[in-house]
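K.L.:
coords please:
(one chain, ligands or ions: 1)
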Amino acid sequence: MPSTKVVIIGGGISGLSAAYFLAKNGIPSTLIEKTDRLGGLIKTDIVSGCELEAGPDSYLAAKPEITDLAQELPDLQNQIIGSNDRHRRIFIVRKGRLMALPRGMVMMVPARWRPVLISPFFSFRTKIKFLAELMRAPLQRSNDVSVEQFVNDHFGNEVLRNLAEPLLSGVYGGDSAHLSVESVLPRFLEYERNYGSLIRGVRRNYRESSHKSLFLSFRGGMQSLITALARAASNHMQVIHAKVTRIEKSADAWRVHSGNGEIEAKSLILACPAYVCADLMGQAAPSLASDLAAIRYGSAILVNLVYKKEQLRRTWDGFGFLVPRDERRSIGAATWVSTKFPSRTPPQLTALRAFITEPQASELLNNSNEMLTHLAREEFRRLLGLEAVPLLSTVHAWPNSMPQYEVGHRERRERIFSRLAQCPGLYLIGNAYQGVGIPDCVRMAKETAKQITVHSTA
Ligand SMILES: Cc1cc2nc3c(=O)[nH]c(=O)nc-3n(C[C@H](O)[C@H](O)[C@H](O)COP(=O)(O)OP(=O)(O)OC[C@H]3O[C@@H](n4cnc5c(N)ncnc54)[C@H](O)[C@@H]3O)c2cc1C
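P.N.:
Model prediction:
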């Protein structure tokens, strides 16, 4: 049986960046990916000169991991592009119409008073609640609570349903009644602990927004990151395209069974979704597997529609809009791609992207691309008055792709990692544990590569 120092299962950004950081330290790895491409959820379709994202379209500029990584990769130097933040506005659908979110909001918390108080976005009752929230005393909660309870406590139902929920559903896809405040809104929990009032916490830490980009991406789309990483790692990384079906523990190694045969590794990095890890580890580490299986996932569907500019009666001055659940629409959010990242489309074209989140995503997953395109067009017709026939469209469904950080997530994660300590040479990385963003995935991969490097040189 062939044996190698390190095997990585999963060729998304987590697995690939782990291979890259190992390669940088001179450590070879074998990466096993079940599909015929690398990138996992990250994929860019280049069609008619448009860069259409099948999954993530950018990363948060405030998290440095990707920008730091890009500086190291020759193919990515000078390839970072910023979102067009002179037009950074978000709209929310209220009673079937788009309403601009007042400026100076930090998620659901007002950092500036005037725009909030003069905006028709919030009812008089909610404005009074904002003012009353300033009086709250610092609070140390003994238990994790749901986002629903936390936001309701501070600002009431209107802010929860029309703002917090739609903002979070594009990132976590989940239900606010189950999402953990400790894992999803840790900064706000800290403000509650230190100041009582989230508004006071936010205002103390608020910097007036410059027009610096909030989101960053790459020329050629997010796929450029994957291509550059794969190239930089290639001298030390062997890629096998096969589905891993089982993992066994042997005396001092891990035995990996895949469609390509068996391979043994001293170090094994699992960089696939937690439910896949659970299936693979069922026999080798049953208690670890059962905690991993308890991390639930939501699905998502993305529909990109491209129009000729001349077909549209107007352009949209903002990044896009969010749809609260009470509006009962099939899409949860939309991005005006050509406003957020103008270089994504040639000057004569405009792209819009519809994001279908839970609970609709699971219900619609089995629909045809034609049906999903029709549905997105219908929503744009009703909400934007957009009757034109798109020049082209792309549809990507991502079943069970968004891990839900539910109440108690931190404890479960700690339990998982303490069980992992009983499995020497086994590592878990990916979006199921310490953050769902691409920078979080890269941070975990880097830390893991460092640990493996330290062990193998000790
Ligand atoms: C629709 C959507 C939009 C998003 N937008 C953003 C965004 O704008 N910004 C941001 O920062 N984050 C965004 N995210 C989150 C981010 O994309 C993910 O957290 C990140 O890409 C996850 O990377 P990963 O490598 O951990 O997992 P994945 O990308 O899921 O990769 C896991 C890999 O494992 C492989 N695999 C699974 N089972 C097996 C097996 N048995 N054998 C071998 N291989 C296997 C899969 O094929 C896959 O390639 C978004 C997520 C979604 C779903």
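K.L.:
use CA for all of it now, contacts and neighbours both
P.N.:
Noted.
K.L.:
Neighbouring strands of the helix or strand hosting Glu248 in the sheet, and parallel or not?
P.N.:
Taking DSSP states H and E as the definition, Glu248 sits inside strand 244-249. Strand pairing for strand 244-249, determined by DSSP bridges: strand 254-258 (antiparallel).
K.L.:
which other residues reach the strand it pairs with?
P.N.:
Strand 254-258 is touched from outside by 242-249, 262-268, 425, with contacts defined as Cα atoms under 8 Å, 6 or more residues apart in numbering.
K.L.:
Stretch 442-451 now?
P.N.:
Contacts of stretch 442-451 from elsewhere in the structure, counted by Cα under 8 Å, 6+ apart, are 13-15, 17-19, 21-22, 65-66, 427, 429-430, 434.
K.L.:
Now, those that are in helices?
P.N.:
Secondary-structure check on those using DSSP state H: residues within helices are 13-15, 17-19, 21-22, 65-66.
K.L.:
overlap between these and the residues near the ligand?
P.N.:
Restricting these to those adjacent to the ligand (criterion: Cα under 6 Å from any ligand atom) gives 13-15.
K.L.:
Return the entry from those residues with the maximum number of neighbours.
P.N.:
Greatest neighbour count in those, by other Cα atoms under 10 Å, goes to Ser14: 31 neighbours.
K.L.:
Please look at that one and Gly430 and confirm they touch.
P.N.:
Yes. Counting by Cα atoms under 8 Å, a contact exists between Ser14 and Gly430, whose distance comes to 5.5 Å.
K.L.:
any shared contact partners between the two?
P.N.:
With Cα under 8 Å, 6+ apart, Ser14 and Gly430 have common neighbours 271, 441, 444-445.
K.L.:
returning to that earlier point: any idea how far the strand holding Glu248 is from the chain center?
P.N.:
The chain centroid and the centroid of strand 244-249 are separated by 28 Å under Cα atoms, centre = their mean, to the nearest Å.
K.L.:
Next: stretch 199-208.
P.N.:
On the basis of Cα atoms, centre = their mean, stretch 199-208 sits 25 Å off its chain's mean C-alpha point.
K.L.:
Now that stretch: buried residues?
P.N.:
Using 16 or more other Cα atoms under 10 Å as the burial criterion, the residues of stretch 199-208 that qualify are 199-203.
K.L.:
Identify all contacting residues around it.
P.N.:
For stretch 199-208, the external contacting residues (Cα under 8 Å, 6+ apart) are 104, 106, 109-112, 130, 133-134, 188, 191-192, 194-195.
K.L.:
cool, and stretch 337-345?
P.N.:
By Cα under 8 Å, 6+ apart, the residues outside stretch 337-345 that reach it are 49-52, 82-85, 87-88, 219-221, 316-319, 350-353.
K.L.:
one more time with 7 Å, if that's ok
P.N.:
Contacts of stretch 337-345 from elsewhere in the structure, counted by Cα atoms under 7 Å, 6 or more residues apart in numbering, are 49-51, 83-84, 318-319, 350-353.
K.L.:
with these in mind, which one is nearest to Gly40?
P.N.:
The shortest distance between Gly40 and any of these, using Cα to Cα, involves Glu51 and amounts to 17.3 Å.
K.L.:
Okay, and the beta partners of that closest one?
P.N.:
In this structure, Glu51 has the following beta-bridge partners (DSSP bridges): Ile46.
K.L.:
Quick check: which element contains Cys277?
P.N.:
Here Cys277 sits within helix 274-281, counting by DSSP H and E.
K.L.:
Give me the distance from that helix to the chain's centre.
P.N.:
Helix 274-281 has its C-alpha centroid displaced from the chain centroid by 20 Å (Cα atoms, centre = their mean).
K.L.:
Same question for stretch 240-250.
P.N.:
For stretch 240-250, the distance from its own C-alpha centre to the chain's C-alpha centre is 27 Å (Cα atoms, centre = their mean).
K.L.:
Stretch 47-63 now?
P.N.:
Distance, centroid of stretch 47-63 to centroid of chain: 12 Å (Cα atoms, centre = their mean).
K.L.:
Around the ligand, pick out the residues from the stretch 151-300 of the chain.
P.N.:
The stretch 151-300 of the chain comes close to the ligand at residues 243-245, 271-273, 276, 300, as judged by Cα under 6 Å from any ligand atom.
K.L.:
Redo those residues as CSV? Include neighbour count, pLDDT and distance to Gly170.
P.N.:
Compiled in CSV, those are given as follows (neighbours: other Cα atoms under 10 Å; pLDDT from 0 to 100; distance: Cα to Cα, whole Å):
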residue, neighbour count, pLDDT, distance to Gly170
Lys243, 16, 98, 29
Val244, 20, 98, 30
Thr245, 14, 97, 31
Ala271, 29, 98, 22
Cys272, 22, 98, 21
Pro273, 22, 98, 19
Val276, 17, 98, 23
Ala300, 25, 96, 9
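K.L.:
tell me the two of these that are most distant?
P.N.:
Farthest-apart pair in these is Thr245 and Ala300; separation 25.1 Å (Cα to Cα).
K.L.:
near the ligand, which residues of the stretch 1-150 of the chain show up?
P.N.:
Taking Cα under 6 Å from any ligand atom as the criterion, the stretch 1-150 of the chain approaches the ligand at residues 9-15, 32-35, 39-42, 55-59.
K.L.:
Please report how far the nearest residue to Asn84 once chain neighbours are set aside lies from the ligand.
P.N.:
In space, and not counting its chain neighbours, Asn84 is closest to Lys340: 5.2 Å by Cα to Cα, 6 or more residues apart in numbering. From Lys340 across to the ligand, the span is 12 Å (Cα to the nearest ligand atom, to the nearest Å).
K.L.:
And Lys266, by the same measure?
P.N.:
The value you get for Lys266 to the ligand, if Cα to the nearest ligand atom is used, is 18 Å.
K.L.:
Same check on Phe341?
P.N.:
Taking Cα to the nearest ligand atom as the measure, Phe341 and the ligand are separated by 12 Å.
K.L.:
Could you identify the buried members of the residues of the stretch 1-150 of the chain next to the ligand?
P.N.:
For those, buried by 16+ other Cα under 10 Å: 9-15, 32-34, 39-42, 55-59.
K.L.:
related to what we said a few turns ago, and the contacts of the strand holding Glu248?
P.N.:
Contact partners of strand 244-249, identified using Cα under 7 Å, 6+ apart, comprise 254-259, 280-281, 284.
K.L.:
what's around Arg141, how many residues?
P.N.:
Burial of Arg141, expressed as a neighbour count using other Cα under 10 Å, amounts to 10.
K.L.:
Now it: closest residue in space, sequence neighbours ignored.
P.N.:
Distances taken as Cα to Cα, 6+ apart place Arg193 nearest to Arg141, at 7.9 Å, with adjacent residues excluded.
K.L.:
What ranges does the stretch 151-300 of the chain have for its helices?
P.N.:
Assignment of helices within the stretch 151-300 of the chain using DSSP state H, counting those that start in this stretch yields the ranges 157-159, 165-172, 181-184, 186-195, 198-205, 223-233, 274-281, 286-293.
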